[in-house]
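[1] here is the input, now give the coordinates:
(2 chains)
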Amino acid sequence: MTEPLTFTIEQFYKNINQKKLTGGKCLTCGKIHLPPRPLCDNCLSTQFKWVELPRKGTLLTYTIIHVAPSQFQKMTPYAVGIIQLEHNVNLPGIIKDTPLDKIKVGMPLEVELEEAPQSQHWPQWPRYYFKPA
Amino acid sequence: MKGKPLASIVSAGLSKFGKLEGLYAREIFAQAAKEAYERCPRLDPKKDIKALFIGHMGESYEHQGHTGAAVADWAGLLHIPAIRTEAACSSSGVALRAAIYAVASGLCDVVMVGGVEKMTHRSTSEVTEFLAMASDFPFEQWYGITFPGLFALMATAHMHKYGTTEAQMAHVAVKNHYNGSLNPKAHMQKEITLEQALSSRVIAWPLKLFDCSLITDGASCLILTRPDIAKKYTDTPVHIIGTGQASDTIGLYEREDFTSLRAAKLAAKQAYEMADVTPEDIDVAEVHDCFTIAEIIAYEDLGFCKPGEGGRLAENGETTLRGRIPVNTSGGLKAKGHPVGATGTAQAYEIYLQLTGQAEKRQVDDAEIGLTHNVGGSGATATVHIYIKG
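    Next up, the predicted model:
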């Protein structure tokens, strides 16, 4: 698992399809990368291993989107936020399964994984989302 | 090196900013170029200008890339080398720095630098999508996070950490609309009230319509020369004495702090040190108010106040036209408008007017030192420039 070009965004999403939320851990300096990357920005190593990340996190900040790109228009208004997982890694995403007025900075959230959309176009990536823990 | 002029502005041009129906980007740039030529009768553009640097963000708007050569041609400057730079909303801030490299290296005596964007012929939804391309695709755009959304994430964090309020953000909008009302080239030339700003429709909570800059068409340009030959072209040059540029993660989410832009702080530090000035020395500044929260964060990143005090600076009127440090006298991106590629050098155009006493109704008394702060995307690029009256 040390072939550097394995540690890609494409592979991160393939792992989501396998119901795994993963990051790339640098074997040299120990930094965990989410998204994974083929060259460690900290120590410039290309040696990594996959680690499964904890699904629980804390909401650092959020917004409620009212004006959206066409693809997301039918979902408006929707909440997006940035959560911090253990290991000090952050992840942005859509917050679901909660009334919008109940969302607060600091609230515990959990990462849920979705199926890949049926699409003929690039990218055929699945999405994850956040829901109250 | 400290405080030494790196390059000198001997002329500048700005098209009308607004909804310029039926015009193509290069045609708008021709208007800005013409003004710069007319302002500087001692310049022979075809003979003297040795290179063009042009900021332009998007091919999507007009289905047109390869902007450098096209704009050089329409500005009457064939066959000089023409270089297009792209760094989202700081495309022409970066072009300005590239132009300074050219002049300060001694490679070129005189260059033109500018920027252009034509946006208003597209729907708001399309523009939202095109602008979002300056953010991270796999983790931000893929989850429906828009540009107002990214700055809203910063606003929420700033409100949570420092108690900044929606009313304080609205004060930025009211101020910039007032300044815009004094600028005949501004897209929006009417004042707004605090109530109007606060009751406008939500775009990405906590940001409302009047917290957002405008979708605008426009072009801007400067003529830069080596400082030692500037007086050959004009008796009133403006010298650039500091330049700074830095980068940060493309994704906002990867940063340690959402209440400050590290790239802007680093760029400011470089520019202040090079210019040998402090924030207290700045008489007038044009900062990147793509959203009202961005202007509040800019006050803090540029050292006009301490971290967390930006909201109060706006509320207390310290950055108004007659305040302690006037910011965005042009109306800023908020009221003058934000044709993204044109913004960086449009900011420099306003500082050029201010430092040469040509800003008319919005003239800041005794302005001698000015600053521009231009941010790309959610802060993955920032440039800061410092100017002194020649």
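[2] run a quick neighbour tally on B:Glu140.
    27 (other C-beta atoms under 10 Å in any protein chain shown). From N, CA and C alone the C-beta is placed, and that goes for glycine too.
[3] wait, I meant A:Lys56
    When neighbours are counted by other C-beta under 10 Å, A:Lys56 registers 13.
[4] pLDDT averaged over the lengthiest strand in chain A - what is it?
    In chain A, taking DSSP state E as the definition, the longest strand is strand A:56-65. On average, the pLDDT along strand A:56-65 is 97.
[5] flag every buried residue along that strand.
    A:57, A:59-65 (16 or more other C-beta atoms under 10 Å in any protein chain shown).
[6] now the residue nearest the centre of chain A, nearest residue through space, not along the chain?
    With distances taken as C-alpha atoms, centre = their mean, chain A has A:Leu91 as the residue nearest its mean C-alpha position (4.7 Å). Ranked by C-beta to C-beta, 6 or more residues apart in numbering or on different chains and with sequence neighbours excluded, the top spatial neighbour of A:Leu91 is A:Ile83, at 5.6 Å.
[7] is it true that the one you found touches A:Arg55?
    No: A:Ile83 is not in contact with A:Arg55 according to C-beta atoms under 8 Å; the separation is 10.2 Å.
[8] wait, what's in contact with the residue in the stretch 151-300 of chain B that chain A sits nearest to?
    Closest to chain A within the stretch 151-300 of chain B is B:Ala152: 3.5 Å, counting by C-beta to the nearest C-beta. Contact analysis of B:Ala152 by C-beta atoms under 8 Å, 6 or more residues apart in numbering or on different chains lists A:63, A:65, B:203-207, B:291, B:293.
[9] tell me the pLDDT of it.
    98.
[10] where does chain B come near chain A, residue by residue?
    B:124-126, B:128-129, B:132, B:138-146, B:148-149, B:152-157, B:160, B:201-207, B:251-254, B:258 (C-beta under 8 Å from any C-beta of the partner chain).
[11] can you say which of those are buried?
    The buried subset of those - by 16+ other C-beta under 10 Å - is B:128-129, B:132, B:139-146, B:148-149, B:152-157, B:160, B:202-207, B:251-254, B:258.
[12] from the residues you listed, which ones fall inside helices?
    B:128-129, B:132, B:148-149, B:152-157, B:160 (DSSP state H).
[13] domain assignment for chain A?
    Taking automatic domain parsing as the reference, chain A has its domains at A:4-52, A:56-132.
[14] which stretches of chain B have low pLDDT?
    Residues of chain B that meet the criterion pLDDT under 70 lie in B:1-2.
[15] which secondary structure state does the residue nearest the centre of chain B sit in?
    Note on chain B: the residue nearest the mean C-alpha position is B:Gly344, at 3.4 Å, using C-alpha atoms, centre = their mean. Look at B:Gly344: counting by DSSP: H, G, I helix; E, B strand; the rest coil, its state is helix.
[16] wait, is A:Trp125 part of a helix?
    No: under three-state DSSP, A:Trp125 sits outside any helix and is assigned coil.
[17] from memory it sits against A:Ala116, does it?
    Yes: with contacts counted by C-beta under 8 Å, A:Trp125 reaches A:Ala116, the gap being 6.5 Å.
[18] which residues does B:Thr292 contact?
    By C-beta under 8 Å, 6+ apart, B:Thr292 lies in contact with B:169-170, B:172-173, B:207, B:210-211, B:334.
[19] who touches B:Leu313 in this structure?
    Taking C-beta under 8 Å, 6+ apart, one finds B:296, B:299, B:304-305, B:319 in contact with B:Leu313.
[20] that one and B:Leu266: what is the separation?
    The gap separating B:Leu313 from B:Leu266 is 22 Å, by C-beta to C-beta, to the nearest Å.
[21] repeat for A:Lys49
    The value you get for A:Lys49 to B:Leu266, if C-beta to C-beta is used, is 33 Å.
[22] give me the number of residues near A:Gln71?
    12.
[23] chain neighbours aside, what residue packs nearest to B:Lys232?
    Nearest in space to B:Lys232, with sequence neighbours left out and distances taken as C-beta to C-beta, 6+ apart, is B:Arg42 at 6.9 Å.
[24] can you classify that neighbour by secondary structure?
    coil.
[25] quick check: phi and psi on it?
    Here is the backbone geometry of B:Arg42 (degrees, to the nearest 10): phi -80, psi -10.
[26] contacting residues around it?
    B:Arg42 neighbours (C-beta under 8 Å, 6+ apart): B:232-234.
[27] A:Ile83 and A:Arg55 - which one has more neighbours?
    Neighbours were tallied for A:Ile83 and for A:Arg55 using other C-beta under 10 Å; the higher tally belongs to A:Ile83 (24 against 16).
[28] do you know how far the more buried one is from A:Leu60?
    In terms of C-beta to C-beta, A:Ile83 sits 7 Å off from A:Leu60.
[29] anything in contact with each of these two?
    Common contact partners of A:Ile83 and A:Leu60 (C-beta under 8 Å, 6+ apart): A:Asn90.
[30] in stretch B:90-104, what counts as buried?
    For stretch B:90-104, burial by neighbour count (16+ other C-beta under 10 Å) applies to B:90-100, B:102-104.
[31] restricted to helices, list these.
    Using DSSP H, the buried residues of stretch B:90-104 in helices are B:91-100, B:102-104.
[32] now those in JSON lines, please, with extra columns for distance to B:Val364.
    Formatted as JSON lines, these follow (distance: C-beta to C-beta, whole Å):
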{"residue": "B:Ser91", "distance to B:Val364": "27"}
{"residue": "B:Ser92", "distance to B:Val364": "23"}
{"residue": "B:Gly93", "distance to B:Val364": "21"}
{"residue": "B:Val94", "distance to B:Val364": "27"}
{"residue": "B:Ala95", "distance to B:Val364": "26"}
{"residue": "B:Leu96", "distance to B:Val364": "21"}
{"residue": "B:Arg97", "distance to B:Val364": "25"}
{"residue": "B:Ala98", "distance to B:Val364": "29"}
{"residue": "B:Ala99", "distance to B:Val364": "25"}
{"residue": "B:Ile100", "distance to B:Val364": "24"}
{"residue": "B:Ala102", "distance to B:Val364": "30"}
{"residue": "B:Val103", "distance to B:Val364": "27"}
{"residue": "B:Ala104", "distance to B:Val364": "28"}
